[in-house]
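**Student:** here's my sequence, what's the structure:
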Amino acid sequence: MEAIKTVGLTKNYGKARGITDLNLIVEKGEFFGYIGPNGAGKSTTIRTLLGLIAPTSGEAQVLGENIVTGKKQILERVGYLPSETAFYSGMKVRDVLKLSADLRKKDCRGESAELCERLQLDVKKRVDELSFGNRKKAGIVCALQHRPELLILDEPTSGLDPLVQREFFEILKERNSEGATIFLSSHVLSEIQRYCSRAAIIREGRLIACDSVENLSKTNARRVNVQGSLNIAGLNGIKDIRKDENSVSFLYSGDMNRLVERLAAGNVKDLSVSEPDLEEIFIHYYEGGEE
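**Tutor:** Presented below is the predicted three-dimensional model:
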């Protein structure tokens, strides 16, 4: 059964960009990545799936419930972390966590205490006194403490220090191994590559790729790093050139024989050829390489 399924899902904001004709399936139990830069349509997708904004056209289901008619049932079974967390002013963190649990009619005290300890969140502070990172921690606990079937996380690690990020992903891996579905929206590609099994790439409100992270990372392009001097003028198949006085690095998807000829004609002191990482693949897609 699908945790998330969209068919032609569209949200228009007039002249502003939303999402267009989104066809996406996330299976139950997946650790799924949703990749795109700011403004690509990630948050619009999530808010539409949760019924926080109404779709213009198309349809979608979350955990088998229609996003329009089953919004209440969806919100009961989902843990959602927005990209920017907001709380009632003047409340202490422990009161915010209790309110979140009470809204779901659940006793989450044990789970909440464990999460706060692991994420180093001080529940005695008032939310107005919290840094951006600590506000994000409070939002994470609110999203996770009721042990939802589906976690929808929108840019969850922004503001978190590296040690807390690592612990946060350990928690997500544990939840995923227990059967929870993780839908992780991020522009931090290393997170997607390290933790997700499948991912979709969104550009200007449209999906341009959806596959396993392994397959998304496959390309005939290679990262070429040359120490020394090399004339690459007129050499076809070159992207993302990085130069300094003593070296040049570039993505190359052209004829390898032509590259070897240029290397032989240059003054090469050292050479490495490697597969590009997901970040470089992402640039490749965004430059139109998906065609």
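
**Student:** which is the next helix or strand following the helix or strand containing Glu114?
**Tutor:** Using DSSP states H and E, Glu114 falls within helix 109-119. Next helix or strand after helix 109-119 toward the C-terminus (DSSP H and E): helix 132-144.

**Student:** so which bits of that following helix are buried?
**Tutor:** 133-144 (16 or more other CB atoms under 10 Å). Every C-beta, even on glycine, is put in place using the N, C-alpha and C of the backbone.

**Student:** of those residues, which is the nearest to Leu63?
**Tutor:** Ala143 (15.4 Å; CB to CB).

**Student:** list the contacts for the closest one?
**Tutor:** 79-81, 151, 153 (CB atoms under 8 Å, 6 or more residues apart in numbering).

**Student:** for the nearest residue to Lys243 once chain neighbours are set aside, give me the pLDDT.
**Tutor:** Excluding the flanking residues, the one nearest Lys243 by CB to CB, 6 or more residues apart in numbering is Ser249, at 7.8 Å. Looking at Ser249, its pLDDT reads 91.

**Student:** quick check: bridge partners of Ser249?
**Tutor:** Asn225, Arg242 (DSSP bridges).

**Student:** would you confirm that it contacts Asn225?
**Tutor:** Yes - in this structure, Ser249 is within contact of Asn225 by CB atoms under 8 Å, at 4.6 Å.

**Student:** select the longest helix from this protein.
**Tutor:** helix 162-177 (DSSP state H).

**Student:** separation between Ile67 and Ser272?
**Tutor:** 48 Å (CB to CB, to the nearest Å).

**Student:** higher neighbour count, the two?
**Tutor:** Higher neighbour count among Ile67 and Ser272: Ile67, with 22 against 11, using other CB atoms under 10 Å.

**Student:** residues contacting the more buried one?
**Tutor:** Per CB under 8 Å, 6+ apart, neighbours of Ile67: 48-51, 55, 59-61, 74.

**Student:** in strands, which of these fall?
**Tutor:** Mapping the contacts of Ile67 onto strands (DSSP state E) picks out 59-61.

**Student:** who wins on neighbours among the residues you listed?
**Tutor:** Among those, Ala60 has more neighbours than the rest - 22 neighbours, counting by other CB under 10 Å.
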